[in-house]
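Q: Sequence first, then the predicted structure, then my questions.
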Number of protein chains: 2
Amino acid sequence: MKYDFLIVGAGYAGAVAARELADAGHKVLVVDKRNHIGGNAFDTLDENGVLIHPYGPHIFHTNSRKIFEYLSRFTEWRFYEHRVLAKEKDAYYPIPINRITINKVFNLNLSEEEVEGFLDTKRVKKTEIKTSEDVVLNSVGHELCEMFFRGYTRKQWDLDLSELAAGVAARIPTRTNDDDRYFSDTFQMMPSHGYTAMFERILDSKNIEVRLSFDYLLNRKEINFDKLIFTGPIDAYYENCFGKLPYRSLRFEHEHFAVDQFQSVGTVNYPNEQDFTRITEFKHITGQVVSGTSIVKEYSQSSGDPYYPVPNPINESLYQKYLAKAELEKNVYFVGRLAQYRYYNMDQVVGSSLALVNKILDK
Amino acid sequence: MKYDFLIVGAGYAGAVAARELADAGHKVLVVDKRNHIGGNAFDTLDENGVLIHPYGPHIFHTNSRKIFEYLSRFTEWRFYEHRVLAKEKDAYYPIPINRITINKVFNLNLSEEEVEGFLDTKRVKKTEIKTSEDVVLNSVGHELCEMFFRGYTRKQWDLDLSELAAGVAARIPTRTNDDDRYFSDTFQMMPSHGYTAMFERILDSKNIEVRLSFDYLLNRKEINFDKLIFTGPIDAYYENCFGKLPYRSLRFEHEHFAVDQFQSVGTVNYPNEQDFTRITEFKHITGQVVSGTSIVKEYSQSSGDPYYPVPNPINESLYQKYLAKAELEKNVYFVGRLAQYRYYNMDQVVGSSLALVNKILDK
Ligand SMILES: Cc1cc2nc3c(=O)[nH]c(=O)nc-3n(C[C@H](O)[C@H](O)[C@H](O)COP(=O)(O)OP(=O)(O)OC[C@H]3O[C@@H](n4cnc5c(N)ncnc54)[C@H](O)[C@@H]3O)c2cc1C
Ligand SMILES: Cc1cc2nc3c(=O)[nH]c(=O)nc-3n(C[C@H](O)[C@H](O)[C@H](O)COP(=O)(O)OP(=O)(O)OC[C@H]3O[C@@H](n4cnc5c(N)ncnc54)[C@H](O)[C@@H]3O)c2cc1C
């Protein structure tokens, strides 16, 4: 059998493209080397019946009504606003930094109006913002930088803050009010029945076939297709011909406790203490009502499954080489976090995949 | 037993107030003269297993994140954007009026940019906007006014457009683009398991007792309480001492069909033809997957259950008399659509009730 499209990867990028092409009448085969759909957003019950995210906690949030509406075809939603605390010497501080964080760190009692002026006295003004260190120093100054950013960055990226592109720290706001939500997007909702259930519905089409535990790069010849959409790492597709694109990887330590609640919020960050970067308790996020609770500790590491593209100018220019090669392809398309080597959130990947299919279908 | 609060009415106004007071530790009795909770938002399965709204179609929409978040404590959500068509001589037109409506009515092919100029040629400019007629003529001119507004208003309110306060028509936008959503609020979502299920959770507190089929006004002496929150008609509370406040009522004709879909959108308006004002098909709104479909036809009438306050200066000044009396009360509070004689949507009633409780609790 010949497929109109072979899609490599059953995460957001692959699943959304598959569905759109299938709805437009194309015969699609989706393959994934893992034994499940959903990519890194996959969720499943652990041996204690708790719904967990094996590849780390995934919280859905978007400002795009269009993308939210699109996914709403495949799921209902539970309102959930993620909250994060940083733990340091047995005290907890709201993250991102807000009025409460600042008052607690400096043992002050500033009003909203006063915080801005206080930060002005702390700020290390930078005329040129090149690195994440510039971003942080320029917005909150030395003390808060050391307390919440430098150590965490070292753990997470194995880089000094000054070696990390500005964009990473720029994603994190500083607030002068008491808003302690981790995200401020309009739509902050979790799929009512979880991500995997949503992916099952996305992929539920008579024009879509799914083959799991199948690594395309080890079996390039096996499938007969017209066009290819590749959502794995772009460097792997080209056999690392220009060298490997660096990724940070993670090791997850999952644990279960016979208590109702392990911590008071979804995620507690450990900016300086501990080897892990953070602990997430899934029940906060999923809203599941079940006895016992499961958590995950995240350890950042340099080798293993590719999770985070490492954004810096050298890596970016290496990626551009692969991109140039990709753009010469006639019937091969690259989309998604790994294929575009972009620190994309889920909603952005959906958007990117929808845009690609629109481009393909208009042709 | 003595209650801290007696709350008359188990709709949004009453249920939300009850929950907030109960959470603050007060003992609350909620009574309703109907045999169910939820007020006019009540939903239930009909004899064919279809989820219907016995008191007419209720679509939840709000721009208030706070109110949406509040209700999210009691329900999950299904994304739903309501769409309405007007039927006239076997043709269907998007409502509110948009580019497609205008092109279809005038048999034109105007672009978005051209629509604005076209409407300018149709518009009857009004320097003073007092009535709904002024609003409509000023924004779309005679033809569209006759086609979509005057007849509908006559049926709905038994008034000429020129007798209806400006506010009513001002609620309906005119669009020059192709947006055919009935509402443009940020949050347009239906409770996943329906309104009644949500009300059950709102009222689920050890401090709340609910007594149904109990008319407070016929049994004023029977219950022992400190404070009263009344969400029924304010004039009835005062035995119509200044005269009755006018309300429009509705007669609902529910029908079931052994087909999957009766009409292509949630609601079809009949601005001029037919005696009913509109037909709503519930499955569009609730998202229920069930065989067969149920619809409701709405006939407007002057007597019966009070549904819509009739906004005009005379009625407003009559209401102000009752309000003045109410403001002299020490331990009686009035909140909700009937008690405040306001054309409130559900979210506004929630907001109004939360505000009242905050005021009460701060005392
Ligand atoms: C720890 C962590 C936490 C995150 N938290 C959030 C969050 O809270 N909110 C948010 O919006 N985003 C979050 N993200 C980002 C989110 O995971 C991604 O945006 C999204 O999952 C990317 O989708 P994708 O389809 O591009 O890639 P992926 O989900 O990685 O899917 C790619 C798929 O391709 C398969 N594949 C690769 N190579 C091959 C091959 N050769 N043959 C066959 N199959 C192959 C892989 O097995 C994989 O399943 C997080 C990411 C991580 C790592
Ligand atoms: C046909 C129709 C369609 C609507 N559609 C929408 C919509 O799509 N979206 C939207 O946001 N809003 C809609 N609304 C408005 C919505 O119904 C109201 O905003 C909301 O239900 C009002 O809540 P409430 O608690 O103020 O009043 P109600 O829901 O009317 O509740 C008041 C309760 O008090 C009880 N009561 C009255 N007197 C007594 C007494 N003496 N003793 C005991 N109990 C008493 C009544 O039985 C009633 O249950 C619609 C209204 C109607 C009529």
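A: Looks like it arrived, so ask away. Numbering: from 1, shown residues only, chains lettered A, B, ... in the order given. Ligands and ions are numbered 1, 2, ... in the order given.
Q: For residue A:313, which residues are in contact?
A: Going by CB atoms under 8 Å, 6 or more residues apart in numbering or on different chains, residue A:313 touches residue A:165. Yep, even glycine has a C-beta here, placed from its N, CA and C like the rest.
Q: Check the one 10 residues further on too.
A: By CB under 8 Å, 6+ apart, the contact set of residue A:323 is residue A:234.
Q: The host helix or strand of it: what's the following helix or strand?
A: Assigned by DSSP states H and E, residue A:323 belongs to helix A:313-327. Using DSSP H and E, the helix or strand that directly follows helix A:313-327 along the chain is strand A:332-334.
Q: Can you give the strand pairings for that following strand, parallel or anti for each?
A: Sheet pairing here is set by DSSP bridges, and for strand A:332-334 it gives strand A:224-230 (parallel).
Q: ok, and what's touching the helix or strand following the partner strand?
A: For strand A:224-230, the succeeding helix or strand toward the C-terminus, using DSSP H and E, is helix A:234-237. Residues outside helix A:234-237 that contact it (CB under 8 Å, 6+ apart) are A:217, A:230, A:242-245, A:319, A:322-323, A:326, A:334, A:338-341.
Q: mind listing the strands in the stretch 51-200 of chain A by residue range?
A: Using DSSP state E, counting those that start in this stretch, the strands of the stretch 51-200 of chain A run over A:51-52, A:61-62, A:77-79, A:84-88, A:91-95, A:187-191.
Q: for stretch A:274-281, how far is the first residue from the last?
A: 17 Å (CA to CA, to the nearest Å).
Q: and of the contacts of helix A:234-237, the nearest to residue A:296?
A: For these, the minimum distance to residue A:296 (CB to CB) is 21.4 Å, reached by residue A:338.
Q: roughly how far apart are the residue nearest to the closest one when sequence neighbours are not counted and residue A:307?
A: Nearest residue to residue A:338 in three dimensions, chain neighbours excluded: residue A:233, at 4.4 Å (CB to CB, 6 or more residues apart in numbering or on different chains). Using CB to CB, to the nearest Å, residue A:233 is found at 11 Å from residue A:307.
Q: and what of residue A:107?
A: Residue A:107 is 38 Å from residue A:307, by CB to CB.
Q: Contact residues of chain A facing ligand 1?
A: Proximity of chain A to ligand 1, by CB under 6 Å from any ligand atom, involves residues A:8-14, A:31-34, A:39-41, A:55-56, A:58-59, A:215-217, A:231-232, A:250, A:307, A:336-338, A:344-347, A:349.
Q: quick revisit: quick check: neighbours shared by residue A:233 and residue A:307?
A: Common neighbours of residue A:233 and residue A:307, using CB under 8 Å, 6+ apart, are residue A:247.
Q: The two: who's more crowded?
A: Applying other CB atoms under 10 Å in any protein chain shown to residue A:233 and residue A:307 shows that residue A:233 carries more neighbours, namely 23 against 17.
Q: doesn't residue A:306 make contact with residue A:338?
A: Yes: under the criterion of CB atoms under 8 Å, residue A:338 makes contact with residue A:306 at 6.0 Å.
Q: Give me the common contacts of those two.
A: Residues touching both residue A:338 and residue A:306 by CB under 8 Å, 6+ apart: residue A:233.
Q: neighbour count winner among those two?
A: residue A:338 (27 against 20).
Q: how close does that one sit to residue A:102?
A: 38 Å.
Q: Now the closest residue to ligand 2 within the stretch 201-350 of chain A: closest residue in space that isn't a chain neighbour?
A: Using CB to the nearest ligand atom, residue A:287 is the residue of the stretch 201-350 of chain A that sits closest to ligand 2, at 25.1 Å. Nearest residue to residue A:287, sequence neighbours excluded (CB to CB, 6+ apart): residue A:78, at 5.0 Å.
Q: is it true that the one you found touches residue B:76?
A: Yes: assessed by CB under 8 Å, residue A:78 is found in contact with residue B:76 at 4.7 Å.
Q: Overlap of the contact sets of these two?
A: Shared contacts of residue A:78 and residue B:76 (CB under 8 Å, 6+ apart): residue A:192.
Q: The stretch 251-363 of chain A: strands as residue ranges?
A: In the stretch 251-363 of chain A, strands defined by DSSP E, counting those that start in this stretch lie at A:267-269, A:278-281, A:293-301, A:308-309, A:332-334, listed in chain order.
Q: just so I know, which of the ones you listed lies nearest residue B:117?
A: With CB to CB as the yardstick, what comes closest out of the strands of the stretch 251-363 of chain A is strand A:332-334 (42.0 Å).
Q: what does the domain assignment say about chain A?
A: What automatic domain parsing lists as the domains of chain A is A:2-37+A:203-246+A:310-362, A:42-83+A:184-191+A:247-308, A:95-170.
Q: Find the closest residue to ligand 1 in the stretch 51-200 of chain A.
A: Counting by CB to the nearest ligand atom, the stretch 51-200 of chain A gets nearest to ligand 1 through residue A:56 (2.7 Å).
Q: contacting residues for that residue?
A: A:40, A:250, A:252, A:280, A:296, A:298, A:307.
Q: Which of those residues scores worst on pLDDT?
A: Lowest pLDDT of the contacts of residue A:56: residue A:307, 92.
Q: Which residue is the nearest non-sequential neighbour of residue A:1?
A: residue A:224 is the one closest to residue A:1 (CB to CB, 6+ apart), at 6.9 Å.
Q: Now list the buried members of the contacts of helix A:234-237.
A: Among the contacts of helix A:234-237, the ones that count as buried by 16 or more other CB atoms under 10 Å in any protein chain shown are A:230, A:242, A:245, A:319, A:322, A:326, A:334, A:338-341.
Q: pretty sure residue A:162 is in contact with residue A:131, am I right?
A: Yes: counting by CB under 8 Å, residue A:162 does reach residue A:131; the two are 4.9 Å apart.
Q: Tell me which of these two has more neighbours.
A: Ranked by neighbour count (other CB under 10 Å), residue A:162 and residue A:131 place residue A:131 first, with 22 against 14.
Q: The more buried one is in contact with residue A:159, isn't it?
A: No: judged on CB under 8 Å, residue A:131 makes no contact with residue A:159 at a distance of 9.6 Å.
Q: So what does residue A:264 have for phi and psi?
A: Dihedral angles of residue A:264 (phi, psi; degrees, to the nearest 10) stand at phi -80, psi -20.
Q: ok, it to residue A:284 distance?
A: Taken as CB to CB, the span from residue A:264 to residue A:284 is 9 Å.
Q: quick one: which of those two has more around it?
A: Neighbour count, other CB under 10 Å: between residue A:264 and residue A:284, residue A:284 has more, with 21 against 11.
Q: How about the contacts made by that one?
A: A:80, A:265-266.
Q: Read off the pLDDT value for the residue nearest to residue A:319 when sequence neighbours are not counted.
A: Spatial nearest neighbour of residue A:319, excluding adjacent residues (CB to CB, 6+ apart): residue A:341 at 4.4 Å. pLDDT for residue A:341: 96.
Q: How about residue A:149?
A: Note for residue A:149: predicted pLDDT of 95.
Q: can you count the residues close to it?
A: Per other CB under 10 Å, the neighbour tally for residue A:149 reads 22.
Q: Tell me if I'm right that it and residue A:161 touch.
A: Yes: contact between residue A:149 and residue A:161 holds when scored by CB under 8 Å: they sit 5.9 Å apart.
Q: Overlap in contacts, those two.
A: Here residue A:149 and residue A:161 have A:132, A:136, A:169 as joint contacts, going by CB under 8 Å, 6+ apart.
Q: what's the closest residue in space to the last one that isn't next to it in sequence in contact with, if anything?
A: Taking CB to CB, 6+ apart as the measure, residue A:169 lies nearest to residue A:132, with 3.6 Å between them; neighbours along the chain are not counted. Residue A:132 makes contact with A:149, A:153, A:161-162, A:164-170, according to CB under 8 Å, 6+ apart.
Q: do the same with residue A:103
A: So residue A:103 contacts A:109-110 (CB under 8 Å, 6+ apart).
Q: Neighbours of residue A:265, how many?
A: Neighbour count of residue A:265, defined by other CB under 10 Å: 17.
Q: May I ask you to confirm that it is in contact with residue A:83?
A: Yes: under the criterion of CB under 8 Å, residue A:265 makes contact with residue A:83 at 4.3 Å.
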